[in-house]
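> after the sequence you'll find the predicted model.
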Amino acid sequence: MSEISFTPDDSLYRNRDSLSEDYTPSTIVGRDNEISQYHAALQPVINGERPNNIFLYGKTGVGKTAVTSYLLGQLQDDSEKFDVDLTVISLNCEGLNSSYQVAVNLVNKIRTPEHHISKTGHPQYEVYEFLWNELDDLGGTVLIVLDEVDNIGESDSILYQIPRARSNGNINDAKVGIIGISNDLAFRENLSPKVRSSLCEKSISFPPYDATELEAVLEQRAEVAFHEGALGDGVIQLCAAYGAQDAGDARKALDLLRGAGDIARAENADTVTTTHVKNARDELEREELMDGIADLADHQQLVLYALTTLEAESETPARSQTVYQRYQELAEVAALDSRTSRRVRDFLADLSTLSIVVSSQRNDGLSGGQYREHKLKHDVETVLSAMSDLIERVGIHQSVRQTIADSDRVMISTTFDS
DNA sequence: TTTCCACAGGAAGGTACGGTCT
DNA sequence: AGACCGTACCTTCCTGTGGAAA
């Protein structure tokens, strides 16, 4: 084996980290309108008045979180200057699907680790009680930032409990304001009316970035991230164009640019080219799919496997019933007891929202009624490779035997070639 | 125009689990 | 130990749906 060593490689990047998600640039590009609304909504804080409840909504990667951390950072600096007692508590609600869990996490956010409470077991009123006490102890003005708040779904009680805590006498010493950030545009409409009126005192909508704005964002970051001349012609434009296609998502556009840079660096290229961008896009899409599949529970994967075998037999699009039958066969072979068809319909709907399968409704009237049809969104080989663990356990279905054998051969030969 | 197929998907309730409290 | 809590994950039951056929 040849000698292995690591040497720094900074031929392309000046500061790669400035392309990552948690980097807050010193100025925000292309969100002037939103920033001025947001700024006005935060003004009462510095006046020592009761803070507004603010609701931000817009798709992922349109700058909601970035603008928030930028403005709140500024606000904290200024509150020190003007001697305002301000505490900001930020909580990302990803994976928290009830008000109860949000309340537990808020309490733990304020408390020191040795006084953390457990995520289950407490009655709901008790957790709220803990929360009011902690907030009162903090005193002054407290801003609670709930990022991705749409995760809590229907259970939105905390969103009206907090704004009313003061008038209900649960809190006496603190002035509390909520800043809710949502990726789901429908979330606001689905809130119960009493929540909507209190939480959405000030609503600020963040529209998707258009291609020109994305270019400006990418230019700004690239200037810090890359050496001069490291980016080839059209690289920024292409990343921006893809980003605009992906619902104006700046995060994805930045990931893409970094991915392209990484590929170029691995190839020891002098510049990043549009080819690198295209390869990075394929790579990112593939990674997204692999992650999505790996996170699925056993029976969900088994349903996907069932659909995959049908796809390999060119039997797709297949209706839910057909998928269900194949699923039952596979479950039998694997000695797992199968779920009901109702449950499998839910699984298929999940796979569809995850963009792993594509489903469409059909209706053949009297001679067939209404039904759904499903097919894979990606090619059989990619999906199979993401499910290798499951397949190892339940066995290889004859319809995909050849595909798996082929891909193994490819893997082995490339290992020896390189 | 009316009929009716065959499933979609909402509603409600059951069960098991990891936790707290007394 | 045993009552109780919130939640994930299922099942059972059932109403709703849209368009081809009659």
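Here it is on my side, so go on.
> would you list the phi and psi of the closest residue to DNA strand B within the stretch 101-250 of chain A?
Of all residues in the stretch 101-250 of chain A, residue A:121 sits closest to DNA strand B, at 2.3 Å by C-beta to the nearest atom of the strand. (Glycine included, C-beta is placed from N, CA and C.) Note on residue A:121: backbone dihedrals following degrees, to the nearest 10 are phi 100, psi -40.
> how about the residues of the stretch 251-400 of chain A by DNA strand B?
Neighbours of DNA strand B within the stretch 251-400 of chain A, by C-beta under 7 Å from any atom of the strand: A:319-321, A:342, A:345, A:349, A:361, A:365-372.
> any of these buried? List them.
Neighbour-count burial (16 or more other C-beta atoms under 10 Å) is assigned, among those, to A:320, A:345, A:372.
> show me which of those is closest to residue A:104.
Nearest to residue A:104 among those is residue A:345, at 32.7 Å by C-beta to C-beta.
> what residues sit buried inside the host helix or strand of the closest one?
For residue A:345, the host element (DSSP states H and E) is helix A:341-353. Of the residues in helix A:341-353, A:344-345, A:347-348, A:350-352 count as buried by neighbour count, 16+ other C-beta under 10 Å.
> any residue of it touching DNA strand C?
Yes. Counting by C-beta under 7 Å from any atom of the strand, DNA strand C has neighbours in helix A:341-353: A:342-343, A:346.
> show me what that helix is packed against.
Under the contact definition 3 or more C-beta pairs under 8 Å, 6 or more residues apart in numbering; DSSP states H and E, helix A:341-353 sits against helix A:298-312, helix A:320-333, strand A:357-363, strand A:370-376.
> deepest of the ones you listed, which one?
Among the helices and strands packed on helix A:341-353, ranked by average contacts under mean count of other C-beta atoms under 10 Å, first place goes to helix A:298-312 (a mean of 23).
> that helix vs helix A:341-353, what angle?
For helix A:298-312 against helix A:341-353, the angle by axes from the mean of the first three to the mean of the last three C-alpha atoms, to 10 degrees is 70 degrees.
> sorry, back to before: with mean pLDDT and distance to DNA strand C as extra columns, can I get the helices and strands packed on helix A:341-353 in a markdown table?
Shown next, in a markdown table, are the helices and strands packed on helix A:341-353 (pLDDT from 0 to 100; distance: least, C-beta to the nearest atom of the strand, whole Å):
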| stretch | mean pLDDT | distance to DNA strand C |
| --- | --- | --- |
| helix A:298-312 | 95 | 5 |
| helix A:320-333 | 95 | 11 |
| strand A:357-363 | 94 | 4 |
| strand A:370-376 | 96 | 4 |
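> distance to residue A:177 for those - can I get that in a markdown table?
Below are the helices and strands packed on helix A:341-353 laid out as a markdown table (distance: least, C-beta to C-beta, whole Å):
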| stretch | distance to residue A:177 |
| --- | --- |
| helix A:298-312 | 40 |
| helix A:320-333 | 47 |
| strand A:357-363 | 42 |
| strand A:370-376 | 45 |
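> tell me what residue A:86 is bridged to.
residue A:141 (DSSP bridges).
> what residues sit buried inside stretch A:184-200?
Going by 16+ other C-beta under 10 Å, stretch A:184-200 has these buried residues: A:184, A:187-188, A:191, A:195-196, A:198-200.
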